[in-house]
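Student: Need a 3D model of the following:
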Amino acid sequence: MGVSKGDRVMTDLAGSDIYYDPYDFEIDVDPYPLWKRMRDEAPLYYNEKYDFYALSRFDDVEKALIDWKPFISGRGMILELIRSGIQFPPGNILFEDPPIHDAHRGILSRAFTPRKMRGLEQQIRDYCARTLDPHVGSDGFDFIADIGAPMPMRVIFMLLGVPEQDQQALRNQIDDGLRLEESAPREGQFDGILERSAEMFEAYLDYRREHPSDDIMTQLLTTEFEDETGTRRTLDRAEVLTYVSNIASAGNETTTRLIGWMGKVLAEHPDQLRQVAEDRSLIPQTVEELLRFEAPSPIQSRYVTRDVEYYGQTVPEGAVISLINGSANRDERQFGPTAGQFDIHRQAGHHLSFGYGLHFCLGANLARLEGRIALDEVLNRWSHWEVDYDNAKQARTSTVRGWEKLPVLTG
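Tutor: Numbering: from 1, shown residues only. Coordinates of the predicted model:
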């Protein structure tokens with residue numbers, strides 16, 4: 001496991017002067033120079049302060065995402081959650097391993113088929129129009145407040161069956177649960193977090209049990225499946241609540257970050273913005289290049305179940321290893337010498353922004369569709385914009401990376 005003999009690197013984990021800290025706000029502003037150093041000098045990195053290892057090269061990250069047995073998700077996929085020792089309830093497919101993961105994922109996959117996602121196009125366009133039209137004729141708008149946050153929120157809560165009048169309050173609670181106020185996890189930060197997440201949706205679930213509808217919540221309540229013991233049953237109440245809270249969080253955050261990066265990166269590349277504005281057939285590959293270039297969720301973590309070797313060093317059983325897919329997406333070994341450049345004409349194969357293997361993002365089709373429609377609808381109204389950096393604000397979390405505010409000037 002690791003690299004070929006021709007690319008072997010001996011990493012002195014104790015002697016390296018590289019310091020990577022996923023909680024450091026200064027690093028998070030632009031982690032790419034540091035990640036390049038890690039790929040070149042410390043492809044297996046160890047952080048003593050927080051006691052975790054990290055892989056940063058594409059080949060290593062991709063293989064670790066595929067090979068789930070030594071790198072399990074059942075203890076969490078976020079560094080601080082794994083370290084907290086939280087026991088996750090059934091139904092959280094992000095934090096599960098086979099065989100229970102396969103049974104639970106099979107239920108949810110029925111709700112996110114490509115056909116069902118394509119059927120949402122007009123509703124997504126309507127949500128975009130509702131939030132963007134009031135800004136036509138003004139000096140600008142905010143890629144987060146005016147489209148990146150409200151549109152994905154409306155879509156995922158509509159799919160779940162949450163009434164529109166309650167959606168913003170739920171979105172705010174989800175944001176608060178992810179935000180870091182300091183450059184480190186707070187003591188007790190995750191105490192009761194699972195219970196609080198489930199409580200947000202209890203009343204809606206009870207209502208849907210009595211009033212079934214054509215939504216994901218009803219589907220989760222009524223779908224029969226065969227669990228890991230071979231028993232034919234439906235999900236119990238706790239499992240459904242876990243599913244719903246996970247879908248709500250995942251369906252909001254990463255698409256919001258994608259749309260934020262869309263505003264920033266295209267503003268910084270006005271020649272490519274002009275090209276896609278003039279030729280909308282470039283939109284799908286523009287969205288893919290945005291996902292590669294600025295991964296909305298650039299780091300995942302796993303619990304190590306047995307000793308594994310990388311670059312002449314052993315990652316011991318019981319360790320935590322972080323897989324920096326945001327770094328892997330810019331690895332010159334995979335994407336060539338221009339890997340660090342944004343290029344909407346790139347034809348470079350797959351990226352790792354949606355993960356890979358067992359935990360490949362179920363909502364990838366929806367996120368791509370939302371990104372494509374959002375860009376098209378923005379370009380229907382404005383063909384050029386500049387970021388108002390004086391009033392922009394980067395979001396601070398350890399798992400997703402992007403913008404909390406991204407106002408742009410269109411005049």
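Student: Could you use CA atoms for every contact and neighbour count after this?
Tutor: Fine.
Student: So which residues of the protein form strands?
Tutor: For the chain, the strands defined by DSSP state E occupy 44-47, 52-55, 71-72, 140-142, 224-226, 232-234, 300-304, 308-310, 313-315, 320-323, 386-387, 393-394, 403-405, 407-409.
Student: among these, which is nearest Lys116?
Tutor: For the strands of the chain, the distance to Lys116 is smallest for strand 224-226, at 19.9 Å, taking C-alpha to C-alpha.
Student: other SSEs contacting that closest one?
Tutor: Where contact means 3 or more C-alpha pairs under 8 Å, 6 or more residues apart in numbering; DSSP states H and E, strand 224-226 is packed against helix 100-109, strand 232-234.
Student: Compare the strands of the chain and report which one is nearest to Leu273.
Tutor: strand 386-387 (11.1 Å).
Student: Now do the contacts for Asp146.
Tutor: 131-132 (C-alpha atoms under 8 Å, 6 or more residues apart in numbering).
Student: Distance check, it against Val378.
Tutor: Distance of Asp146 to Val378, given as C-alpha to C-alpha, to the nearest Å: 11 Å.
Student: which residues do those two both contact?
Tutor: With C-alpha under 8 Å, 6+ apart, Asp146 and Val378 have common neighbours Leu132.
Student: still on that earlier bit, can you tell me which of the strands of the chain the model trusts least?
Tutor: Mean pLDDT per stretch puts strand 224-226 lowest among these, at a mean of 88.
Student: In space, not sequence, find me the middle residue of this structure.
Tutor: A centroid search over the chain (C-alpha atoms, centre = their mean) returns Ser297, at 3.7 Å, as the residue closest to the centre.
Student: show me what contacts the residue nearest to it when sequence neighbours are not counted?
Tutor: Using C-alpha to C-alpha, 6 or more residues apart in numbering and skipping residues adjacent in sequence, the residue nearest Ser297 is Val400, 4.2 Å away. Neighbouring residues of Val400 by C-alpha under 8 Å, 6+ apart: 253-254, 257, 296-299.
Student: Kindly recompute the last result at 10 Å.
Tutor: 178-179, 253-254, 257, 295-300 (C-alpha atoms under 10 Å, 6 or more residues apart in numbering).
Student: Just the buried subset of those residues, written out for ChimeraX, thanks.
Tutor: Entered in ChimeraX, the line below selects the buried ones among those, by 16 or more other C-alpha atoms under 10 Å:
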select :178,253,254,257,295,296,297,298,299,300
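Student: which two in the contacts of Val400 are spaced the farthest apart?
Tutor: Across the contacts of Val400 (C-alpha to C-alpha), the longest gap, 17.8 Å, separates Arg179 and Ala295.
Student: Burial check on the nearest residue to Pro270 once chain neighbours are set aside, number of neighbours?
Tutor: Leaving aside its sequence neighbours, Pro270 sits nearest to His384 (C-alpha to C-alpha, 6+ apart; 7.4 Å). The number of residues packed near His384 is 18, by other C-alpha atoms under 10 Å.
Student: residues contacting His384?
Tutor: Contacts of His384 by C-alpha under 10 Å, 6+ apart are 266-267, 270-271, 273-274, 277, 378, 408-411.
Student: Buried subset of the residues you listed, written for PyMOL?
Tutor: Buried subset of the contacts of His384, written as a PyMOL selection, criterion 16+ other C-alpha under 10 Å:
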select buried, resi 266+267+273+277+378+408+410
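Student: from the contacts of His384, which is closest to Gln341?
Tutor: Looking across the contacts of His384 and measuring by C-alpha to C-alpha, the closest to Gln341 is Leu266, at 12.3 Å.
Student: what's the pLDDT at the closest one?
Tutor: 98.
Student: next one: the one 5 residues further on
Tutor: The per-residue pLDDT reported for Asp271 equals 98.
Student: do the same with the one 4 residues further on
Tutor: What the model reports as pLDDT for Gln275 is 98.
Student: got the contact list for it?
Tutor: Gln275 touches 282-283, 344, 383, counting by C-alpha under 10 Å, 6+ apart.
Student: Dump those residues into TSV; add pLDDT as well.
Tutor: Formatted as TSV, these follow (pLDDT from 0 to 100):
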residue	pLDDT
Leu282	98
Ile283	98
Ile344	98
Ser383	95
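Student: Fine by me, thanks again.
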